[in-house]
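Participant: following is a predicted model, sequence given first.
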Amino acid sequence: MTQAASSALADKLKSIIRDVPDFPKPGIIFKDITPLLADHAAFSELVKAFADHYRAAGVTKVLGIEARGFLLAAPIALALGAGLVPVRKKGKLPYKRVSATYSLEYGTDTLEMHEDAVKAGEKVLVVDDVLATGGTAAAVCEMVDKLGAKVAGVAMLIELEFLKGRSRLGSREVHSLIKY
Ligand code: AMP
């Protein structure tokens, strides 16, 4: 995609995403993507933009991070001809799991995936709606490493650049469509 086309797409997507101040707590501006999911033209354009970016990367599995990541990862996986893997909050997955614990502002959180969801050597794309501090995505990438697979990229619809989430991801490839 040309620079002009990607900046036009970013502007279009920005105009549809809704800012909800003070949700879920005071001081947070929540980026609500539900209007975007409800807009067929915009939703298909964003899926195509990610699929085009990763088409040559040999991705075999797309990991969606609970819960909004699922909604983006599923159509991207289908567009790339790859499988879909849900990464869930602790206690939701029924089979044998690997887990990663990461720190939040207060306390910790744990994400899990099935231990057989990606095989050693697979190329994995990690997908979520928002890259904020990067703690969530970094934890998911660690799980992929633990399973001996390779993170081909980290695809984020929105990147909150002022929170410097990219720095938590070291040398991993990170692609976001919209930056604030
Ligand atoms: P982080 O681990 O700080 O990068 O946070 C990323 C996770 O929190 C993602 O799963 C996002 O969906 C969610 N998140 C963080 N900040 C926001 C925000 N301003 N609006 C919507 N979701 C957010």
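Facilitator: That came through, no problem. Numbers count the residues shown, from 1 in each chain.

Participant: for Arg88, give the beta-bridge partners.
Facilitator: Glu112 (DSSP bridges).

Participant: looking at it, it is touching Leu111, isn't it?
Facilitator: Yes: when contacts are counted by Cβ atoms under 8 Å, Arg88 is listed as touching Leu111 (6.9 Å). In short, each C-beta sits where N, CA and C put it, glycine included.

Participant: which neighbours do the two share?
Facilitator: Taking Cβ atoms under 8 Å, 6 or more residues apart in numbering as the contact rule, Arg88 and Leu111 both touch Glu66.

Participant: higher neighbour count, these two?
Facilitator: A direct count of neighbours by other Cβ atoms under 10 Å for Arg88 and Leu111 places Leu111 higher, at 22 against 19.

Participant: surely Asp129 is within a helix?
Facilitator: No: if the criterion is DSSP: H, G, I helix; E, B strand; the rest coil, then Asp129 is strand and not within a helix.

Participant: my guess is it contacts Ala67, does it?
Facilitator: No: Asp129 is beyond contact range of Ala67, at 9.3 Å (criterion: Cβ under 8 Å).

Participant: of these two, give the one with the bigger neighbour count.
Facilitator: Asp129 (22 against 12).

Participant: which residues are in contact with the lowest-mean-pLDDT helix or strand in the chain?
Facilitator: The weakest-scoring helix or strand in the chain, judged by mean pLDDT, DSSP states H and E, is strand 97-103 (a mean of 95). Applying Cβ under 8 Å, 6+ apart, the external contacts of strand 97-103 come out as 90, 108-115, 135-136, 138-140, 142-143, 146-147.

Participant: tell me the pLDDT at the residue of the chain positioned farthest from its centre?
Facilitator: The centre of the chain is farthest from one residue, Pro26, which by Cα atoms, centre = their mean lies 24.4 Å away. For Pro26, the pLDDT comes out at 95.

Participant: how about it, what does it touch?
Facilitator: Applying Cβ under 8 Å, 6+ apart, we find Pro26 in contact with no residue.

Participant: in which helix or strand does it reside?
Facilitator: Per DSSP states H and E, Pro26 falls between elements, in no helix or strand.

Participant: tell me the phi and psi of it?
Facilitator: Here is the backbone geometry of Pro26 (degrees, to the nearest 10): phi -50, psi 140.
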